[in-house]
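Trainee: sequence plus the predicted model coming up.
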Amino acid sequence: MIYAAMRRIVRIWRQRLPHWEVSGASYFVTIRCAGSLPEDVMQRLQSRERSLSAIAPNSDAFRNEQRKYFLILEKFLDRGTGFAPFDQPHRCREVLRLLRESTHADNWAIGPAVVMPNHFHAIFRHREGSSTCDLEAFLKRLKGRLARGMNRQMGRSGKFWQREWFDRWIRSADEFRRTVRYIRNNPIVAGVAKTHSAYSGYYAGDEGEDVFKG
């Protein structure tokens, strides 16, 4: 991969969280279900969001605060509380199928991914490495397709995903390896599986895709 030294920042935007779009980058993305966190945790996250809004996004302080935000998010998501529709193997498999289908339809590649009971993590990268191809638009389409597909399978309607997501562009080969290791081990650490290979919600990534190789 070509990492931070040769990247060009295309866009920085924010809702509650800041989001970076960077030329040719791979992104670690976490998307959670609506109603997956209790109110007191949401208040803690909102406090972190306010801290992030006051820090320069290219600083060490920002990265440290972003990491604290993610650790709080993951700690409580991994408890599998609230709306947790992916607690059954067939639903995990269906989410992964829809993820691959939708990602490829938009000319993106999907790297390692894991579907947890109330959220999922994945690494994405646009197949044409010189372009971000609008990460925001891609993720909004992805969420819409997955919501429609899962609502249809579950015989329900209404809001499925939390409006915003967490994303971070991967800045180094070492960070990429750490991120892949985190994704692989998440079901084990959370206590929902004994091995990643036996877990129905784990996907190793697109086969034969150069975009994820260092």
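Mentor: Cool, the structure landed. Residues are numbered from 1 along each chain as shown.
Trainee: next one: phi and psi at residue 10?
Mentor: phi -90, psi -40 (degrees, to the nearest 10).
Trainee: got it, and residue 127?
Mentor: Backbone torsions for residue 127, taken as degrees, to the nearest 10, come to phi -60, psi -30.
Trainee: for the closest residue to residue 83 other than its chain neighbours, helix, strand, or coil?
Mentor: Spatially, and ignoring its direct neighbours in sequence, residue 83 is nearest to residue 35 (4.1 Å; CB to CB, 6 or more residues apart in numbering). For the C-beta atoms, the positions are set from N, CA and C on the backbone; glycine is no exception. Of the three states, residue 35 takes coil according to DSSP: H, G, I helix; E, B strand; the rest coil.
Trainee: neighbouring contacts of stretch 159-170?
Mentor: 1, 3, 7, 15-17, 19-22, 25-34, 36, 66, 69-70, 73, 123, 135, 139, 143, 146-147, 150-151, 176, 179 (CB atoms under 8 Å, 6 or more residues apart in numbering).
Trainee: could you flag which of these are buried?
Mentor: By neighbour count, with 16 or more other CB atoms under 10 Å, the contacts of stretch 159-170 hold 1, 3, 17, 19-22, 25-33, 36, 66, 69-70, 73, 123, 135, 139, 143, 146-147, 150, 176, 179 as buried.
Trainee: what's the average pLDDT for the longest helix seen in the chain?
Mentor: When the chain is parsed with DSSP state H, its longest helix is helix 135-154. Helix 135-154 carries an average pLDDT of 95.
Trainee: and if you look at stretch 95-109?
Mentor: According to the model, stretch 95-109 has a mean pLDDT of 94.
Trainee: could I have the CA atoms of it written out in PDB?
Mentor: Taking Å, rounded to 0.1, in the frame of the first residue of the first chain, the C-alpha atoms of stretch 95-109 are listed here in PDB:
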ATOM      1  CA  VAL A  95     -25.300  -9.400   6.100                       C
ATOM      2  CA  LEU A  96     -21.900 -10.600   4.700                       C
ATOM      3  CA  ARG A  97     -23.600 -11.500   1.400                       C
ATOM      4  CA  LEU A  98     -25.200  -8.100   1.100                       C
ATOM      5  CA  LEU A  99     -22.000  -6.400   2.100                       C
ATOM      6  CA  ARG A 100     -20.000  -8.000  -0.600                       C
ATOM      7  CA  GLU A 101     -22.800  -7.500  -3.200                       C
ATOM      8  CA  SER A 102     -23.300  -3.800  -2.400                       C
ATOM      9  CA  THR A 103     -19.600  -3.100  -2.100                       C
ATOM     10  CA  HIS A 104     -18.800  -4.600  -5.500                       C
ATOM     11  CA  ALA A 105     -21.700  -2.900  -7.100                       C
ATOM     12  CA  ASP A 106     -20.200   0.500  -6.200                       C
ATOM     13  CA  ASN A 107     -16.700  -0.500  -7.500                       C
ATOM     14  CA  TRP A 108     -15.200  -0.800  -4.000                       C
ATOM     15  CA  ALA A 109     -13.400  -3.800  -2.500                       C
END
